[in-house]
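1. model this:
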Amino acid sequence: MTDQPLNGPDAPRGCPVAHGGGDGLTRLYGPDAATDPIGIYSRLRKQHGPVAPVLLEGDIPAWLVLGYRENRRVLDNPRQFSRDSRIWRDWKDGRVESTSPLIPMLGWRPDCVSQDGEPHRRLRGAVTDNLQAVSSRGIRRHVTHFANKLIDSFAGAGSADLVSDYSEYLPMLVLTRVFGLAESEGRQLAESTALVMKGGAEAIVHNDRIMQILGELAERKRVEPGSDFTTGLLEHHADLDDDEILNHLRLVLITANATTSNLLARVLQLVLTDTNRLSGLVSGQLNISAVVEEVMWNTPPLAVLPGRFAAADLELGGHRIQEGDLLVLGLTAGNVDPEIRPDVGISVHGNQSHLAFSGGPHECPGQNIGQAIIETAVDALLHRLSGLRLAVTPDELTSTASTWEAKLDRLPVEFST
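-> Numbers count the residues shown, from 1 in each chain. Below you'll find the model as predicted:
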């Protein structure tokens, strides 16, 4: 990985930052970025301050927002920092191919996260109304059912990997019930979602696979409606068209699964690497929400949030951002910004001002559902598996990062049978 000075962060159009030459810029993808994203954020902060020029897949230039206050400014000001990628200069000028692995995460779609203003409010209203309806229909009952089903598959073995055997698939199984999908489609959708988030050559193929499954689902629900999220979108008074229906199904499926599975794995990691937390949860002296809150601050489920696009020339973090520039939001970096957390060891209990749910008008609308899945999933494990303990030392646990997330590789445990 290279991390060398530029010709100045305020260089004019035609420099590597503006037009993708990229020599000397840090890449947020590839082998180096996969192993030490926190180290990359730290080096970039020291070299460039709260905003740093980086390269995404295909050596596409972007600004990585590292500072907490700078992240808040971008999230809270959609008129300056639009979510509409149709103004993305590198896309408009043909430097980003339609087959780029960035497109599933950054390309424009007829969904609420791709738009601002009134179009955003109309579409988001349909999503939030139906998420609220779903959460009132016994979401914890669905989690309990599928959690016990997964636990049954390994409970007699005395050991398991709580990533591959549990957290990687439980949220998607719950989502199949919420969406009105067949349970048998859950594993395939979970795998495809993970590969879309990972990026690389397979991202487009797996995005297309997800769209095909969801398109078939929407057609079925037009004929056989039910009390599910899909039917709710089809019947909502916002009158979404076919493309809007399909793209909102995709949006909720991918984001809900990826963030919840990552968060569940990290919560379990924190619980199992700290015997005081584990015993506190088992005894009822500690509330799981406090553990979730700590994870939200230190290892949020999305490390980097895609993306915002400068609506005009402006200044951010001491750098001159040009109209059409892409910005990606460093949620992990912002949460550990030394300007607001000079000592990350200090308790954050009761402080919910983290960046993990994004912020501003595009803040995640499914927080309550994610929280319900996490709390119920952890509770089911602790009550079903007696003597649950980590099977390796904490320092043997590893993570692999992509541009957007840092996933726990495995979480081997042992327990009594």
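2. I figured residue 222 was touching residue 230, is that so?
-> No - counting by CB atoms under 8 Å, residue 222 stays clear of residue 230, with 9.4 Å between them. (C-beta placed from N, C-alpha, C; glycine too.)
3. what about those two, which has more around it?
-> residue 230 (24 against 14; other CB atoms under 10 Å).
4. any weak-confidence spans in this structure?
-> The chain contains residues with pLDDT under 70 at 1-23.
5. got the residue ranges for the strands in it?
-> For the chain, strands defined by DSSP state E occupy the ranges 26-27, 51-56, 60-65, 81-82, 159-161, 304-310, 314-316, 319-321, 326-330, 389-390, 399-401, 406-408, 412-414.
6. Packing partners of the second one?
-> Contacting strand 51-56 under the criterion 3 or more CB pairs under 8 Å, 6 or more residues apart in numbering; DSSP states H and E are the following elements: strand 26-27, helix 37-48, strand 60-65, strand 319-321, strand 326-330.
7. among these, which is nearest residue 166?
-> Distance to residue 166, taken as CB to CB, is lowest for helix 37-48 among the helices and strands packed on strand 51-56, at 24.2 Å.
8. so who does the residue lying closest to residue 262 once chain neighbours are set aside touch?
-> Leaving out its chain neighbours, the residue that sits closest to residue 262 by CB to CB, 6 or more residues apart in numbering is residue 301, at 3.9 Å. Neighbour list for residue 301: 258-260, 262-263, 266, 356, 405 [criterion: CB atoms under 8 Å, 6 or more residues apart in numbering].
9. between those, which is nearest residue 52?
-> Ranked by distance to residue 52 (CB to CB), these are led by residue 405 at 18.9 Å.
10. Would you enumerate the residues in contact with that closest one?
-> Neighbouring residues of residue 405 by CB under 8 Å, 6+ apart: 197, 258, 262, 301-304.
11. Mind checking which of the contacts of residue 301 are in helices?
-> Of the positions in the contacts of residue 301, 258-260, 262-263, 266 sit in helices, assigned by DSSP state H.
12. I'd like those written out as JSON lines, with distance to residue 342 added.
-> Listed next are those as JSON lines, based on distance: CB to CB, whole Å:
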{"residue": "258", "distance to residue 342": "31"}
{"residue": "259", "distance to residue 342": "28"}
{"residue": "260", "distance to residue 342": "31"}
{"residue": "262", "distance to residue 342": "27"}
{"residue": "263", "distance to residue 342": "26"}
{"residue": "266", "distance to residue 342": "23"}
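13. thinking again about what came up before, ok, the contacts of residue 301 vs residue 112, which is closest?
-> For the contacts of residue 301, the nearest to residue 112 is residue 259 (16.3 Å; CB to CB).
14. Nearest residue to the closest one in space, please, no chain neighbours.
-> residue 301 (4.0 Å).
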